[in-house]
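In: predicted structure and sequence below. I'll ask about it afterward.
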Amino acid sequence: MNQDLAAFRAIVCEHLPNADSGILAHFRDHGSHGLSNTQIVDACILLFADGVENVASAIGTVMLTLTEHPEIRAALIEGKMKLGAVIEEALRRDAPGQIISRIVRRDTELAGLAVPAETAVFLLLGSANHDETVFADPERFDCQRDLEPMLTFGGGRHSCIGAQLARSQISAAVNALLGADIEIVTRPGQVRYVPRFGHRWPQFLEARIAPNRRRQPS
C-alpha cells in the first residue's frame, strides 16, 4: 500500500507544475496561505477514493434497496415519491463509508472515557446511523423519518466536501437506471462485499432489464 501511495503521489506531483488553472493552482500559488504539494496530493487521493468508489457503491446500494422494497420502486416510477428521500434513507441504513478517523486535538472525555490529545479515534458512522436513541426502529426502511441527524457524509465543518455532488451523481444514475427499467436481480442476502476496512462496497450486483415497465427519466 505504501508503495502504491508513493507512486500515486509521484504522478500527481509530476503534473502539479502544469496546473496553471483551477482550484489546485489557486491554492498552490498563494504563498504561506496556500497548500503544500503533500496536502494537494492527499486531497487528490481523497477525491479518487471517496469520489469514485463510494459513489459507485452508493448507486448499487440504492438500487439494491429498491429491489428489497418493490413498492418504493413502483412509487418512484409512478412519480409518487421523491427520489432524494429514498437515497438518504438507503444510505443511512447501508453507508458505503462506515468509518472515518480523526486525531483528538486536546484532552477530552467521551462517555466517561478519558481521551488524551493526539489520540487517533475511529468514528463509526454506520453504527451512529443505526443508533436507536436517534432513529426509531433503525433497521426499518422509512424515507419519511427525520434524517437530519444522519452521518453518512459526516458532520460539522469536516463533513464531506463532495456530499452534494455525490447526491447529484447518485440521483442522476438511479433515475437513469429506473428510466431504462434496470432492476437488480441479486437479492440483499446474496450480496458479497469487498473486504475493505471501513467500507461497505458490493463486489458486484447482477442486473436485468425489467419487462413491460417503461417511463421517461424525470
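Out: Perfect, I can see it now. Numbering: from 1, shown residues only.
In: wasn't Gln164 part of a helix?
Out: Yes. When the secondary structure is assigned by DSSP: H, G, I helix; E, B strand; the rest coil, Gln164 falls within a helix.
In: burial of it, as a residue count?
Out: 10 (other C-beta atoms under 10 Å). (Glycine included, C-beta is placed from N, CA and C.)
In: what residues are up against Ala95?
Out: Shown in contact with Ala95 (C-beta atoms under 8 Å, 6 or more residues apart in numbering): Leu125, Gly126, Asn129, Thr152, Arg200.
In: ok, so of those residues, who is nearest Val185?
Out: For the contacts of Ala95, the minimum distance to Val185 (C-beta to C-beta) is 20.0 Å, reached by Arg200.
In: next, count neighbours for that closest one.
Out: The number of residues near Arg200, taken as other C-beta under 10 Å, comes to 19.
In: where in this protein is pLDDT low?
Out: 16-34, 211-218 (pLDDT under 70).
In: give the contact list for the residue positioned nearest the centre of the chain.
Out: Compute the mean C-alpha point of the chain, and by C-alpha atoms, centre = their mean the closest residue is Asn54, 4.6 Å away. With C-beta under 8 Å, 6+ apart as the criterion, the residues that contact Asn54 are Pro96, Gly97, Ala166, His199, Trp201.
In: please verify my assumption that the second one contacts Leu125.
Out: Put plainly, it is Gly97. Yes. Because the distance of 6.5 Å satisfies C-beta atoms under 8 Å, Gly97 is recorded as touching Leu125.
In: which residues do the two both contact?
Out: Contact criterion C-beta under 8 Å, 6+ apart; residues bridging Gly97 and Leu125 by contacting each: Thr152.
In: mind listing the strands for the chain?
Out: Per DSSP state E, the chain carries strands over the ranges 99-103, 108-110, 113-115, 120-124, 182-184, 207-209.
In: those helices in the protein, which residues are they?
Out: With helices called from DSSP state H, the chain shows them at 2-15, 22-28, 37-48, 54-68, 70-77, 83-93, 125-128, 163-179.
In: now these as JSON lines including distance to Glu139?
Out: Supplementary listing: those in JSON lines, determined by distance: least, C-beta to C-beta, whole Å:
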{"stretch": "helix 2-15", "distance to Glu139": "37"}
{"stretch": "helix 22-28", "distance to Glu139": "41"}
{"stretch": "helix 37-48", "distance to Glu139": "31"}
{"stretch": "helix 54-68", "distance to Glu139": "12"}
{"stretch": "helix 70-77", "distance to Glu139": "16"}
{"stretch": "helix 83-93", "distance to Glu139": "7"}
{"stretch": "helix 125-128", "distance to Glu139": "12"}
{"stretch": "helix 163-179", "distance to Glu139": "22"}
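In: out of the ones you listed, nearest to Ile209?
Out: If you check each of those against Ile209 by C-beta to C-beta, helix 163-179 wins as the nearest, at 10.1 Å.
In: closest to Thr61 among the contacts of Ala95?
Out: Of all the contacts of Ala95, the one with the least separation from Thr61 (C-beta to C-beta) is Arg200, at 7.8 Å.
In: that closest one against Tyr193, yeah?
Out: Yes. Under the criterion of C-beta under 8 Å, Arg200 is in contact with Tyr193, at a separation of 5.9 Å.
In: coming back round to it: any idea how far the residue nearest to the centre of the chain is from Ala95?
Out: With the distance defined as C-beta to C-beta, to the nearest Å, Asn54 ends up 9 Å from Ala95.
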